[in-house]
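Asks: how does the following fold in three dimensions:
(one chain, ligands or ions: 2)
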Amino acid sequence: MPKHVYIEDLKNHVGEEVMLCGWCYNKRSSKKLHFIIVRDGSGLCQSVGFIPSLSEEVAKSCEAVEQETAIKVTGKVKKDDRQVGGYELEMTSLEIVAESKDYPISPKEHGVAFLMENRHLWLRSKKQHAIIRVRHNIVKAIREFFDNHGFINVDAPILTGNAAEGTTTLFETDYFDQKAYLSQSGQLYMEAAAMAHGRVYCLGPTFRAEKSKTRRHLTEFWMVEPEVAYMELAEDMDLAEEFLEYVVQTVLARCENELTVLERDLDKLRKIKRPFPRISYDEAVEFLTQKKAEFAASDDEELRKLSEDMLKNGPGDDLGAADETAIGITYDKPVLIHRYPAKIKAFYMKEDPENPGKALCVDVIAPEGYGEIIGGSEREASIEVLEAKVKEHGLSMDAFKWYLDLRRYGSVPHAGFGLGIERTVAWLCGLHHVRETIPFPRMMDKIWP
Ligand code: 4AD
Ligand code: MG
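Replies: Ligands and ions are numbered 1, 2, ... in the order given. Sure thing, here's the model as predicted:
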């Protein structure tokens, strides 16, 4: 029996007889030939069966193969640049492992709603396959960056007793007659871990009961959260910048094939090199006011529409999706916006002593309209100030006792940020909606499959 090899390794087996184990991706036949494209997860390879030279049994099996029939194909590996993947298999035999009758996703066009319902099968399609591989490489590059910069990976709990990012988006659950919540962020736990290890990060799922149905929001998403003791906002921004450049350039170098399948404009990603623009919230508002007028007078209908939604939240309020889009399409690099009004940001953020009312925080807006990908800040280190904030935000002093302890015993300046994996995948892959960036998306109207 010839050796089982993966399609991505065919380059090492030219001229040898091997076995591919996979599924039929596509098939066409003529009187004399069967062309069966095999998919094995690592790639695609056409196998060609010359019917007069096949045994009767193998010829019959070839006849019976349909889209997604599970098959084992043996044959001789030939280099052929014209074929998908650059290699071809001269078939000697084919065995059907399992049939696949009337596979619902045919090569014809399908609507997204239908494909989403069949997400468990849609994952096999070429573009979806490429996206999940890019996602894998993004996560790998993220871990590499922190592991190579002295960070320790510390896991945060998923079931928690307190809110981290405000109480409006909490998923509540019953925990043996106590109330518990699904974690919105591992940050508070990372602050504890940073006081033990100096530089730490967590990478895990987080949950937000987002009632908004936007192309940037999921109810379950993955986030990487570094946290560093003795770090202030300026260094936090440096870290975010170096980190982003590393992730983008590493993924670009490793995933050129996948990004090409996705028809991503690689030049746009090549430009993601430091330094990135840094503007304050006040400067951003000024810039947006100008742009709003400029877009309103534009010939481009899309820009005119965007202009209507810009600065909708009013002065001193958070920037909205349209504002992030407007910033993101103006710059060809990520933009760091720092020092938002403290009252619209989380309770744990330190206020800027030099800009009363402003928080020492930073949001990073991705280029090309992909929105906010990073949110971070320096944390309040004073016990008195933090206690007042907990009260002000209507949070329970009891629930945050452990967190306040971090300010009682050797409190030091510290900072960190969170990067959303799905929005990063959407940006690097050039996807309009985050629902395709995660294998099984969870949204307000989607818990299945
Ligand atoms: O800005 P956020 O809410 O920040 C935090 O959670 C901090 N505790 C992070 C920290 O400082 N350690 O979220 C961070 C990022 C956002 O910039 C965005 O990329 C992503 O998480 N994100 C979402 N992604 C998908 N769906 C949602 N509903 C998201 N909410 C936030
Ligand atoms: Mg944010």
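
Asks: for this structure, which residues are neighbours of ligand 1?
Replies: 164-165, 185, 187, 208, 210, 217-218, 221, 223, 225, 372-377, 416-418, 420, 422-423, 434 (C-beta under 6 Å from any ligand atom). Bear in mind the C-beta positions are built from the backbone N, C-alpha and C, glycine included.

Asks: pull the contacting residues for the nearest residue to residue 211 once chain neighbours are set aside.
Replies: Closest residue to residue 211 apart from its sequence neighbours, by C-beta to C-beta, 6 or more residues apart in numbering: residue 444 at 6.2 Å. Residue 444 makes contact with 210, 211, 212, 213, 219, according to C-beta atoms under 8 Å, 6 or more residues apart in numbering.

Asks: next one: residue 225 from residue 247, what distance?
Replies: 15 Å (C-beta to C-beta, to the nearest Å).

Asks: ok, residue 135 next?
Replies: Residue 135 is 12 Å from residue 247, by C-beta to C-beta.

Asks: again, but for residue 412
Replies: The spacing between residue 412 and residue 247, counted by C-beta to C-beta, is 28 Å.

Asks: comparing these two, which residue is more hemmed in?
Replies: A direct count of neighbours by other C-beta atoms under 10 Å for residue 412 and residue 247 places residue 247 higher, at 23 against 13.

Asks: my guess is the more buried one contacts residue 140. True?
Replies: No - using C-beta atoms under 8 Å, residue 247 is not in contact with residue 140; the gap is 9.6 Å.

Asks: rewinding a little: please convert the contacts of residue 444 to JSON lines, extending it with secondary structure.
Replies: Shown next, in JSON lines, are these (DSSP: H, G, I helix; E, B strand; the rest coil):
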{"residue": "210", "secondary structure": "coil"}
{"residue": "211", "secondary structure": "coil"}
{"residue": "212", "secondary structure": "coil"}
{"residue": "213", "secondary structure": "coil"}
{"residue": "219", "secondary structure": "coil"}
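
Asks: can I get those in TSV with pLDDT and neighbour count?
Replies: TSV is the format used below for these (pLDDT from 0 to 100; neighbours: other C-beta atoms under 10 Å):
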residue	pLDDT	neighbour count
210	85	18
211	86	10
212	78	10
213	83	10
219	97	20
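
Asks: what is the nearest of those to ligand 1?
Replies: Taking C-beta to the nearest ligand atom as the measure, ligand 1 sits nearest to residue 210 out of the contacts of residue 444, at 4.6 Å.

Asks: my guess is the closest one contacts residue 217. True?
Replies: Yes - contact criterion C-beta under 8 Å: residue 210 and residue 217 qualify, at 4.4 Å.

Asks: before we move on, back to that, and the buried ones among the residues of the chain next to ligand 1, selectable in PyMOL?
Replies: Paste this into PyMOL to select the buried members of those, with burial taken from 16 or more other C-beta atoms under 10 Å:
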select buried, resi 164+165+185+187+208+210+217+218+221+223+225+372+373+374+375+376+377+416+417+418+420+422+423+434
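
Asks: which stretches in this protein count as helices?
Replies: In the chain, the helices defined using DSSP state H lie at 56-64, 112-117, 119-122, 126-147, 187-197, 233-254, 256-261, 266-270, 281-296, 301-309, 321-330, 383-392, 401-405, 421-429.

Asks: what residue in the stretch 251-400 of the chain comes nearest to ligand 1?
Replies: residue 375 (2.2 Å).

Asks: and the pLDDT for that residue?
Replies: Predicted confidence (pLDDT) at residue 375: the value is 98.

Asks: start the count at 809 instead of 1 going forward.
Replies: In the new count, where the first residue is 809, that last one comes out as residue 1183.

Asks: list the contacts of it.
Replies: Going by C-beta under 8 Å, 6+ apart, residue 1183 touches 1169, 1170, 1171, 1172, 1225, 1226.

Asks: one more time with 10 Å
Replies: Residue 1183 makes contact with 973, 993, 995, 1031, 1033, 1148, 1153-1154, 1157, 1169-1172, 1225-1228, according to C-beta atoms under 10 Å, 6 or more residues apart in numbering.

Asks: about what we covered before: common neighbours of residue 1018 and residue 1025, please.
Replies: 977, 1251, 1252.
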